[in-house]
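In: mind folding the following:
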Amino acid sequence: MKINRPLYLNKLINKQANGLVKVITGIRRSGKTFLLDPLFKNYLLSQGVPEDHIIKIEFDRVENLKYHHDVEKLNAYIRSLIQDDSLYYLLLDEIQLVNQFEYLLTGLLYEKNVDIYVTGSNSKFLSSDIITEFRGRDDQVRVYPLSFSEFMSVFPGDKLDGWGEYVTYGGMPQLFSMKTDREKADYLRDLFDHTYFKDIVDRYKIKRTDVLESLVNILASSVGSLTNPRKIYRTFQSHGEKELSINTIYSYLSFLEEAFVVEKSERYDVKGRKYVQTPNKYYFTDVGLRNACLNFRQQEESHLMENIIYNELVVRGYNVDVGLVEIREDDKRKQTEVDFVCNQGSKRYYIQSALHLDTRDKTIQESRSLDHINDNFKKIIIVKDILKPWRTETGILVLGVFDFLLSQGSLDF
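Out: Numbering: from 1, shown residues only. Next comes the predicted model:
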């Protein structure tokens, strides 16, 4: 099934021939290869680019194994295909499989008639030495699993049925080829165990795979909750892991982030205008993978909705933090939370995620931290209820989650 992804395609189009290596990153199986070909390749052909001026090499194919350990042979092959001075588009898929690929790309950057696009999935591709090698010469495009809007563009049912499917199985594109719940659940479990988990273990030569697995389960169980490495470390200690060091927890968390499995949302003191080191929140790049980690138990819709909203905000280009708002009640200082403090250029939004606002008390509760923020940036509560946008007595916009997810301009209602 063809799923058009205009957000990412337009990013590539806007970056054409900018003198940089276009680096398409993201969690494996999220659609990076499909973005490169057929989507981007077909666009180039539609614009009159001759097919022999589009050089595409997929390094996970058996016929290209010969290049994995011979970058000089690969360099010679690519240069043999460049026959004139007109622009050539070089599309390299899973480039991290080629040893010393950074030297290949550095050399090709000097060619004025070569426009380079590469994909890569794992932490090896973004390791510090390679980032250093390309600092200032790469232009990254991060690809995520299908957003709810992309998902609904091909889902055959209505949005309520689509929500039930999406909140359970997430947005991995391959799921659309599967018919049964069993197939989908097995696919996601296998994807996590034999692709993402194995990538991390192999890359970092992890011996305590049991600790890594337990850490993933802890993060999956605490989506939407504040946590930090020390708290996680104490959890392990309470279960008898006396020899485990806190540095191991820090390292394993960073490995999961580098593999695009989870993202960290830092805590920001809204009134103090500063970041608070800990605790933070961790969200999964795909809620289906999160559910698969827990064998599809603990599917609390409120936490999954919060995770989905976070992912949508990040895909739209916002920097997203957890807000800390200190208030005074009964002559006591109390810390309250705003789920999302979203920044993009001069724009800022304060957003709460709430499954329902079914009583006045619930509305007051969810508005509490927002009402104590004394600036003019927009304050929003996103709810699961199907309703028209409305405002509370204090002017907070209440927005249905479907309006938010299915309309790019929804935050400006």
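
In: now do the strands in the stretch 251-400 of the chain.
Out: 262-269, 274-284, 319-329, 332-344, 347-354, 378-383, 390-391, 397-400 (DSSP state E, counting those that start in this stretch).

In: the bottom helix or strand of this protein by mean pLDDT?
Out: Least confident helix or strand of the chain, by mean pLDDT, DSSP states H and E, is helix 128-134 with a mean of 61.

In: what helices and strands are in contact with the following helix or strand past it?
Out: Next helix or strand after helix 128-134 toward the C-terminus (DSSP states H and E): strand 138-142. Under the contact criterion of 3 or more CB pairs under 8 Å, 6 or more residues apart in numbering; DSSP states H and E, strand 138-142 touches helix 6-14, strand 21-25. C-beta coordinates here come from the backbone N, C-alpha and C atoms, glycine included.

In: let's go with 10 Å and repeat that
Out: helix 6-14, strand 21-25, strand 114-119, helix 128-134 (3 or more CB pairs under 10 Å, 6 or more residues apart in numbering; DSSP states H and E).

In: between those, which gets nearest to C342?
Out: Between C342 and the helices and strands packed on strand 138-142, the shortest gap by CB to CB is with helix 6-14, which sits at 17.3 Å.

In: correct me, but L188 touches D286?
Out: Yes: using CB atoms under 10 Å as the test, L188 is close enough to D286 to be in contact (8.5 Å).

In: tell me how far the ends of stretch 352-360 are from each other?
Out: Using CA to CA, to the nearest Å, one end of stretch 352-360 lies 16 Å from the other.

In: quick revisit: how about the strands of the stretch 251-400 of the chain in TSV, adding mean neighbour count?
Out: Below are the strands of the stretch 251-400 of the chain laid out as TSV (neighbours: other CB atoms under 10 Å):
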stretch	mean neighbour count
strand 262-269	18
strand 274-284	17
strand 319-329	18
strand 332-344	17
strand 347-354	21
strand 378-383	22
strand 390-391	12
strand 397-400	20
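
In: TSV for those, including distance to R182?
Out: Putting these into TSV (distance: least, CB to CB, whole Å) gives the following:
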stretch	distance to R182
strand 262-269	26
strand 274-284	22
strand 319-329	34
strand 332-344	34
strand 347-354	30
strand 378-383	32
strand 390-391	41
strand 397-400	32
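
In: what do L188 and D286 both touch?
Out: 29, 169-170, 172, 292 (CB atoms under 10 Å, 6 or more residues apart in numbering).

In: redo the helices and strands packed on strand 138-142 as TSV? Include mean neighbour count.
Out: Converted to TSV, those look like this (neighbours: other CB under 10 Å):
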stretch	mean neighbour count
helix 6-14	16
strand 21-25	23
strand 114-119	24
helix 128-134	13
